[in-house]
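Asker: give the three-dimensional model of this entry:
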Amino acid sequence: MLIRFSIAAVLMVWVGQANASPVLDRQKLAREVGGLFAAKAVDNTMPGCAVGVIEHGQWAMRSSFGMANLEHDIPITSQSIFRTGSLGKQFTATAIALLAEGGKIDLDADVHEYLPDLPDYGHKVTIRQMIHHVSGIPDYEKGLPALKTASGEDLDLENKDYLSIREFYDRVKTIPLFAPPETEFAYSNTAYFLLSQIVEAVTGQSLRAYAQENIFGPLGMNRSFFNDEVNDVVRNRVDGYHRNKDGGYSIFMTNLSWVGDGGVYTNLDDWFKWDQNFYHNILGSTGDALVSRMEQTYSVSGNYAWGQGVDTYRGLKQVAHTGSWVGFTTYYVRYPDRRTSVVIFCNSNVVTAYELMEVRDLVLDQITDTPRPKKDEDD
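Answerer: Numbers count the residues shown, from 1 in each chain. Sure, this is the predicted structure:
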């Protein structure tokens, strides 16, 4: 009953927002975005991207370019399931926020209260510091000694070497801080993986199960989940690709199943529901408190909030994050004051979400009078 009520509440909000007057010239936007892909010669022989623009609770544009699977000639659609890389951090952060809201965790307690088998860091390290990347816990992608092979080489954490979630956690438990907490901002995938272990320690559920029950389920995001088992069969899953020097493509996969730092699989249609929840939250105790917390920065974290960066661009408040992993690149940005968002999922190193941030400016050209910054001023 709770889930049914929640979905109905979201639908009511979308209907209300749909009555707002649109600003975007949708046909013009579609032509301009199509021109970006035409300039990159994206066709049905290569990987591509799904691109969506949301305005006032409606799709202003929802388009797909290129292929989800080259072996079976399956095109990308709004239902295609992408691995989203670090966009998953905002869902991990939401899980932590919900546990804090429910009194299950203390954000400012020492992390050892929840994970007592972590090493003695010589400093108090808190969950709040981990959320904002100021904990001093180093990023595992930086070639740490704990992540070396027996021969002393860096582990290939993309598609060659293998560690189970437990084996990875055992390695992480040997990693010391690189700096005292709150002395500098340093993006840490390791810290966000450890947040997934905190969720499990506190709830007895995996992050996948907890998010399904408390985030994806209530929002009706029925095709979204933390993929903590890479061998699962996933209907409509998009393959990641790497273009070779000879112009052909190789499938780019991963052997690794840990989540928290990433690992969320989703599609454009589900992402719409996530985007709309920022305007009328139905998670946790509901109300604006959760959304406000998700946009709070902290200490020396600069503009990094809860799995999202919060700043100003072209005169508007901007909330954004990117992601990348094994051929996938992703980008999500929203402008709360205009209730307008852009989401981009791509599946190869040929055309990336980063190259397509131009879509953001095509949208902003229509909804703000503030001109584009010069290239050396752009964020």
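Asker: give me the number of residues near residue 147?
Answerer: Residues lying near residue 147 (other C-beta atoms under 10 Å) number 20. Placement of C-beta: from N, CA and C, glycine included.
Asker: going forward, count from 845.
Answerer: Happy to do that; since the first residue is 845 now, the last one works out to residue 991.
Asker: how much space between it and residue 1100?
Answerer: Using C-beta to C-beta, to the nearest Å, residue 991 is found at 11 Å from residue 1100.
Asker: kindly report the same for residue 916.
Answerer: 25 Å.
Asker: which one of these two has more residues nearby?
Answerer: Taking other C-beta under 10 Å, residue 916 and residue 1100 do not tie; residue 1100 has more neighbours (22 against 8).
Asker: tell me who's in contact with that one.
Answerer: Contacts for residue 1100 (C-beta atoms under 8 Å, 6 or more residues apart in numbering) come out as 1001, 1006-1007, 1012, 1074.
Asker: of those residues, which is the nearest to residue 873?
Answerer: When the contacts of residue 1100 are ranked by distance to residue 873 (C-beta to C-beta), residue 1074 comes first, at 36.2 Å.
Asker: so the closest one: helix, strand or coil?
Answerer: Of the three states, residue 1074 takes coil under DSSP: H, G, I helix; E, B strand; the rest coil.
Asker: for it, which non-adjacent residue is spatially closest?
Answerer: Closest residue in space to residue 1074, ignoring its immediate chain neighbours: residue 1101 at 5.0 Å, by C-beta to C-beta, 6 or more residues apart in numbering.
Asker: all helices of this structure, in order?
Answerer: 846-862, 870-883, 933-945, 971-975, 1009-1016, 1033-1047, 1051-1055, 1061-1063, 1112-1121, 1133-1138, 1202-1211 (DSSP state H).
Asker: comparing those helices by mean pLDDT, which bottoms out?
Answerer: Comparing mean pLDDT over the helices of the chain, the weakest stretch is helix 846-862, at a mean of 46.
Asker: so what's the residue nearest the centre of the chain closest to, chain neighbours aside?
Answerer: Most central in the chain under C-alpha atoms, centre = their mean is residue 931, positioned 0.7 Å from the mean C-alpha point. In this structure, residue 931 finds its nearest non-sequential neighbour in residue 1167, 4.2 Å apart by C-beta to C-beta, 6+ apart.
Asker: same check, this time on residue 893
Answerer: Using C-beta to C-beta, 6+ apart and skipping residues adjacent in sequence, the residue nearest residue 893 is residue 1190, 4.0 Å away.
Asker: what about that neighbour, how many neighbours?
Answerer: 31.
Asker: is it true that it touches residue 886?
Answerer: No. Using C-beta atoms under 8 Å, residue 1190 makes no contact with residue 886, being 9.9 Å away.
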